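Enquirer: everything below, folded, please.
(one chain, ligands or ions: 2)
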Amino acid sequence: MVPVSVGQAGNVSGLLLSLILSEQVQNRTDSVDFGPSQLWCHRFAGLRSYATPHSQFFAPSEGIMLPAGSYNNKVAFITGGGTGLGRAMTGVLSQLGAQCVIASRKLEVLQQTATEISSQTGNKVHAVQCDVRDPQAVSRCVDQMVELTGLPDVIINNAAGNFICPSERLSANGWKSITDIVLNGTAFVTLELGKRLIQNQKGASFLAITTIYAESGSGFVVPSASAKAGVEALYKSLAAEWGRYGHRFNIIQPGPIRTKGAFSRLDPTGTFEKSMIGRIPTGRLGKPAELANLAAYLSSDYASWMSGAVIRFDGGEYVSMAGEFNELRKVTDDQWKMLETMIRSTKGS
Ligand SMILES: CCC/C=C/C=C/C(=O)SCCNC(=O)CCNC(=O)[C@H](O)C(C)(C)COP(=O)(O)OP(=O)(O)OC[C@H]1O[C@@H](n2cnc3c(N)ncnc32)[C@H](O)[C@@H]1OP(=O)(O)O
Ligand SMILES: NC(=O)C1=CN([C@@H]2O[C@H](COP(=O)(O)OP(=O)(O)OC[C@H]3O[C@@H](n4cnc5c(N)ncnc54)[C@H](OP(=O)(O)O)[C@@H]3O)[C@@H](O)[C@H]2O)C=CC1
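Expert: Ligands and ions are numbered 1, 2, ... in the order given. Model (predicted):
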């Protein structure tokens, strides 16, 4: 495990070469020092994972946070619950006593997740096929859920689609495919369930999973940024309008958390991960279990006074990217001495 420095290719034209080079180095080393930024790449059973030394201060706690039974007699509906973060949230809610209904397009994936989670927790997880882009399919899915469990207490709008793409390469259908899943899908699920809950005089907690760039916008994921911003406007608006019916609406904006669905579409070569981690003050990616604990809290009765909240959950990445002078983290002590001398020696303006 000898550290190998590979941080030399500094110019844009060297990008491809450095991609290939870092791939080759990663293929033959266990631990790679990326030079001044002090990023480390570990290989565990073929999985690549970077972290900074200071991430030791921010070790994740992945155990379940809420008391056992916090979700007894509750029903939770989670879109995209078969994979990634949706699966992690379903696992935690189920472990806490909820009966869960997970919905997405791929029934086999849902069924496998449902079987695995319910065999671990002893609580029922139901799999319902549903393409959230189709309002009639959403309505049929809710009919099915009513038969299985009754109306839910907790709704988590987590399903999404995304891919990196320069906007000049984006087709109208590419735009539509993302915005239909993210914005229209969330709206169809929320309106269908909201109306039925209101008719039945039953309150519920709605949670939407957006992302940090819903606030800032971001190039190269423009349909996703636009749709997630729309979801946030939808949820903040309904928090104001539907409190009178017993509904709460909250939002989590996650930063990068490794899932196959996200990383295969946003970082297909695996190269951007190290620059992401380099700008995260806590020095590591988030963990699905950490996000799931936050979602479980926000959707629980412990958070009954919480509505209209937007929780950024990103290890500090957003503020780190935003501050004009944050790059000065890279300045060494000796360089600071020099800079301070220069500044102090300035006379007048
Ligand atoms: C790091 C911190 C911030 C992270 C934020 C993360 C946010 C996320 O949302 S991650 C979630 C990622 N998960 C997924 O995307 C899962 C679901 N995704 C999919 O199913 C697909 O990727 C897709 C969204 C494309 C939908 O699949 P579908 O089968 O319905 O669509 P297609 O027929 O394949 O494509 C529809 C049109 O989009 C064009 N397209 C697809 N991929 C690309 C691409 N990589 N680049 C450019 N265009 C693409 C495709 O060509 C179709 O358009 P057209 O050819 O004009 O018909
Ligand atoms: N991982 C990360 O770093 C981050 C993730 N997020 C957000 O977290 C959420 C989960 O993402 P993640 O777990 O990483 O990725 P996944 O790809 O694993 O999750 C996306 C889920 O959405 C479902 N889905 C996609 N299209 C539809 C559709 N038309 N109808 C119903 N379900 C659909 C997919 O299931 P199926 O294919 O079966 O339909 C899949 O289960 C998303 O909202 C994403 O934007 C936000 C910031 C960072």
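
Enquirer: quick one, what contacts the nearest residue to Ala295 once chain neighbours are set aside?
Expert: Excluding the flanking residues, the one nearest Ala295 by CB to CB, 6 or more residues apart in numbering is Met89, at 4.8 Å. Heads up, the C-betas are built off the backbone N, CA and C, glycines and all. Under the criterion of CB atoms under 8 Å, 6 or more residues apart in numbering, the neighbours of Met89 are 78, 81, 156, 158, 291-292, 295-296.

Enquirer: adding pLDDT, write those residues out as CSV.
Expert: Converted to CSV, these look like this (pLDDT from 0 to 100):
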residue, pLDDT
Ile78, 99
Gly81, 99
Ile156, 99
Asn158, 98
Leu291, 98
Ala292, 98
Ala295, 99
Ala296, 99
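
Enquirer: ok, so of those, who is nearest Asp267?
Expert: For those, the residue nearest Asp267 by CB to CB is Leu291; the value is 18.0 Å.

Enquirer: list the contacts of the one helix or strand that closest one maps to.
Expert: Assigned by DSSP states H and E, Leu291 falls within helix 288-298. Contacts of helix 288-298 with the rest of the structure, by CB under 8 Å, 6+ apart, involve 60-66, 70-71, 84-85, 87-89, 91-93, 96, 156, 205, 207, 209, 250, 252, 254, 257, 259, 303, 306, 309, 311, 313.

Enquirer: and it, what's buried?
Expert: By neighbour count on 16 or more other CB atoms under 10 Å, the buried set for helix 288-298 is 288-298.

Enquirer: ok, back up a step: and the contacts of helix 288-298, which of them are buried?
Expert: Applying 16+ other CB under 10 Å to those, the neighbour count classes 64-66, 70-71, 84-85, 87-89, 91-93, 96, 156, 205, 207, 209, 250, 252, 254, 257, 259, 303, 306, 309, 311, 313 as buried.

Enquirer: please name the nearest non-neighbouring residue to the residue of the stretch 51-200 of the chain found nearest ligand 2.
Expert: Nearest residue of the stretch 51-200 of the chain to ligand 2: Gly84, at 2.2 Å (CB to the nearest ligand atom). Leaving aside its chain neighbours, Gly84 sits nearest to Thr259 (3.4 Å; criterion: CB to CB, 6+ apart).

Enquirer: which stretches of the stretch 1-150 of the chain form strands?
Expert: Ranges of strands in the stretch 1-150 of the chain, per DSSP state E, counting those that start in this stretch, are 31-33, 40-44, 47-51, 75-79, 99-104, 125-129.

Enquirer: how's the chain carved up into domains?
Expert: 12-47+331-344, 54-322 (automatic domain parsing).

Enquirer: quick check: phi and psi on Gly185?
Expert: Main-chain dihedrals, Gly185, degrees, to the nearest 10: phi -60, psi -50.

Enquirer: so it makes contact with Arg133?
Expert: Yes: assessed by CB atoms under 8 Å, Gly185 is found in contact with Arg133 at 5.6 Å.

Enquirer: spell out which parts of the stretch 201-349 of the chain neighbour ligand 2.
Expert: Contact residues (CB under 6 Å from any ligand atom) of the stretch 201-349 of the chain with ligand 2: 209, 211, 254, 256-257, 259, 261-262.

Enquirer: export these to CSV and append columns for distance to Asp333 and pLDDT.
Expert: Formatted as CSV, those follow (distance: CB to CB, whole Å; pLDDT from 0 to 100):
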residue, distance to Asp333, pLDDT
Ile209, 41, 99
Thr211, 36, 98
Pro254, 35, 98
Pro256, 30, 98
Ile257, 34, 98
Thr259, 39, 98
Gly261, 43, 98
Ala262, 38, 98
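
Enquirer: so of the contacts of helix 288-298, which ones are in helices?
Expert: Assignment to helices by DSSP state H places the following of the contacts of helix 288-298 there: 84-85, 87-89, 91-93.

Enquirer: looking at the residues of the stretch 201-349 of the chain next to ligand 2, which one is closest to Leu328?
Expert: Distances from Leu328 to these, taken by CB to CB, are shortest for Pro256, at 23.2 Å.

Enquirer: now do the contacts for that closest one.
Expert: Going by CB under 8 Å, 6+ apart, Pro256 touches 262, 273, 276, 280, 285-286, 314, 317.

Enquirer: equivalent analysis for Asn123, please.
Expert: 94-95, 97-100.

Enquirer: could you identify the most distant pair in those residues?
Expert: Farthest pair in the contacts of Asn123 (CB to CB) is Gln95 and Gln99. Separation: 12.3 Å.

Enquirer: just checking: which of the contacts of helix 288-298 also lie near ligand 1?
Expert: With CB under 6 Å from any ligand atom as the criterion, no member of the contacts of helix 288-298 is in contact with ligand 1.

Enquirer: check contacts around the spatially most central residue of the chain.
Expert: A centroid search over the chain (CA atoms, centre = their mean) returns Pro254, at 4.0 Å, as the residue closest to the centre. If you count contacts by CB under 8 Å, 6+ apart, Pro254 has them with 85, 209, 211-212, 286, 291, 313-314.

Enquirer: columns distance to Val138 on top of those residues, output as CSV?
Expert: What follows is those, written out as CSV (distance: CB to CB, whole Å):
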residue, distance to Val138
Leu85, 20
Ile209, 17
Thr211, 22
Ile212, 27
Gly286, 29
Leu291, 24
Phe313, 27
Asp314, 30
